[in-house]
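*Asks:* make a model of this:
(one chain, ligands or ions: 1)
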Amino acid sequence: MKILVTGGCGFIGSNFILQSLSRDSSLSIVNLDKLTAVGNRENLKDIEDDQRYLFIEGDIADPVVVKRAIDGCSNVVHFAAESHVDRSILDPREFYRTNVEGTLVLLEEAKRSGVERFVHVSTDEVYGSLGKDGSFTEETPIAPNSPYAASKAASDLLVRSYFETYGFPAITTRCCNNYGPYQFPEKLIPLMIIRSLEDAALPVYGDGSNVRDWIHVEDHCDALRCLLERGVPGEVYNIGARSEKANLEIVNALLENLGKPKSLIRFVEDRPGHDWRYSVDPSKIERVLGWKPTFTLERGLKETVSWYVSNRDWWEAIRRRPSWKEFFDSWYGERLGDN
Ligand SMILES: NC(=O)c1ccc[n+]([C@@H]2O[C@H](COP(=O)([O-])OP(=O)(O)OC[C@H]3O[C@@H](n4cnc5c(N)ncnc54)[C@H](O)[C@@H]3O)[C@@H](O)[C@H]2O)c1
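*Replies:* Next up, the predicted model:
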């Protein structure tokens, strides 16, 4: 099988490519990635010379490059996106361009080329925010609150329309928050690990009570492979590991793993429109496909901390990028009183 993976130089995409090639010797993968501020070819340096892997630098919103990348591929796994809520608050336009217009170009080219299956990787954030009780099911109405979530919800609706209108074989997945190796250090878990390792203040939004539902990236990638093989076109599948934690609990667990003091925590001005709680009900994929996560949060966090401790060169290179400094200073600098 030959798959087109979009956004394969990002966090989840690179884990998916590394894992999939190591598990299936008959698989080949074309990776189409624009290498935005967070895209990182380094993640895939170990497979650059693998005959089964081809990297194409390009934009999913460019039909010419998408056509070149998709021809000969029987399946698509679509990760490429602008993915960071904070960045979407600073500049929503790029989120609309990639997540909505880019997905439309990709759908059109995938329809033209006649792919067998198209897995659209979306997010639980399209459902909006929960109070203390309940979980998102696939029937929960979408109610996105951030520009990021709104752009993903719009792309989900486009995917749905391609199934309903053209019988296009698309599956939409809505996963909770991922963590694990190769996550760009602006997201909560790697940011807290890296800042702790530098004994720097840890910016925690509000009072740290916002709740997220966590899954190890390897479990997410397993679920995607399962859906690629056996998911039903036209269906939406939630993916989650039933691991809800308040942000402060996560930060405390990381500090404990690292042997660092809680005094590093600094409560900062909250993110505008910050969703209070996410909780994903994964019963459907568990029941229908027999998929189950394998990581406990405890084990996953421990291994993730070890990965960042052992891969200092990887994240130090990212921290030297001007785009990183520009984002961190403009977003957290003032909140931390560093400006
Ligand atoms: N990270 C999470 O916790 C999470 C949870 C649920 C769903 N998702 C979804 O999973 C997908 C991957 O998330 P991630 O965390 O790996 O994101 P990421 O930001 O780490 O990676 C995104 C990748 O897409 C590439 N990209 C961006 N715009 C592009 C364009 N126009 N053309 C081609 N490539 C482009 C980037 O260069 C980058 O390599 C996203 O669609 C996201 O919405 C993420």
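
*Asks:* buried stuff in stretch 44-55?
*Replies:* Leu44, Ile47, Tyr53, Phe55 (16 or more other C-beta atoms under 10 Å). Quick note: C-beta positions are derived from backbone N, CA and C, even for glycine.

*Asks:* in the stretch 151-300 of the chain, which residue sits nearest the ligand?
*Replies:* Closest contact between the stretch 151-300 of the chain and the ligand, by C-beta to the nearest ligand atom, is at Asn178 (3.6 Å).

*Asks:* okay, the closest residue to that residue other than its chain neighbours: pLDDT?
*Replies:* Spatial nearest neighbour of Asn178, chain neighbours left out: Val217 (4.7 Å); criterion: C-beta to C-beta, 6 or more residues apart in numbering. At Val217, the model reports a pLDDT of 98.

*Asks:* please tell me how far the residue in the chain that the ligand sits nearest to sits from Tyr162.
*Replies:* The minimum distance from the chain to the ligand, using C-beta to the nearest ligand atom, falls at Gly10 (1.9 Å). Separation of Gly10 from Tyr162 (C-beta to C-beta, to the nearest Å): 23 Å.

*Asks:* residue numbers of the stretch 101-250 of the chain in contact with the ligand?
*Replies:* Gly102, Val121, Thr123, Lys152, Cys175, Asn177, Asn178, Phe184 (C-beta under 6 Å from any ligand atom).

*Asks:* among the residues you listed, which one has the most neighbours?
*Replies:* Lys152 (30 neighbours; other C-beta atoms under 10 Å).

*Asks:* quick one: which helix or strand includes that residue?
*Replies:* Applying DSSP states H and E as the criterion places Lys152 in helix 147-166.

*Asks:* could you point out the helix or strand that follows that helix?
*Replies:* That would be, after helix 147-166 and using DSSP H and E, strand 170-175.

*Asks:* before we move on, back to that, which ones among the residues of the stretch 101-250 of the chain next to the ligand lie within helices?
*Replies:* Lys152 (DSSP state H).

*Asks:* just give me the least confident of the residues of the stretch 101-250 of the chain next to the ligand.
*Replies:* Phe184 (95).

*Asks:* chain neighbours aside, what residue packs nearest to Ile194?
*Replies:* Pro185 (5.1 Å).

*Asks:* cool, and Asp33?
*Replies:* Closest residue to Asp33 apart from its sequence neighbours, by C-beta to C-beta, 6+ apart: Cys9 at 4.2 Å.

*Asks:* can I assume the one you found is in contact with Lys45?
*Replies:* No - counting by C-beta atoms under 8 Å, Cys9 stays clear of Lys45, with 10.7 Å between them.

*Asks:* my read is Lys260 is in a helix, agree?
*Replies:* No - counting by DSSP: H, G, I helix; E, B strand; the rest coil, one finds Lys260 to be coil, located in no helix.

*Asks:* OK, contacts around the residue nearest to Ile194?
*Replies:* Taking C-beta atoms under 8 Å, 6 or more residues apart in numbering, we find Pro185 in contact with Leu191, Ile194, Trp315, Ile318, Arg319, Trp324.

*Asks:* what is the nearest of these to Pro141?
*Replies:* Nearest to Pro141 among those: Leu191, at 31.6 Å, using C-beta to C-beta.

*Asks:* and the helix or strand where that closest one lies, what's buried?
*Replies:* Using DSSP H and E, Leu191 sits within helix 188-197. By neighbour count on 16+ other C-beta under 10 Å, the buried set for helix 188-197 is Leu188, Ile189, Pro190, Leu191, Met192, Ile193, Ile194, Arg195, Ser196.
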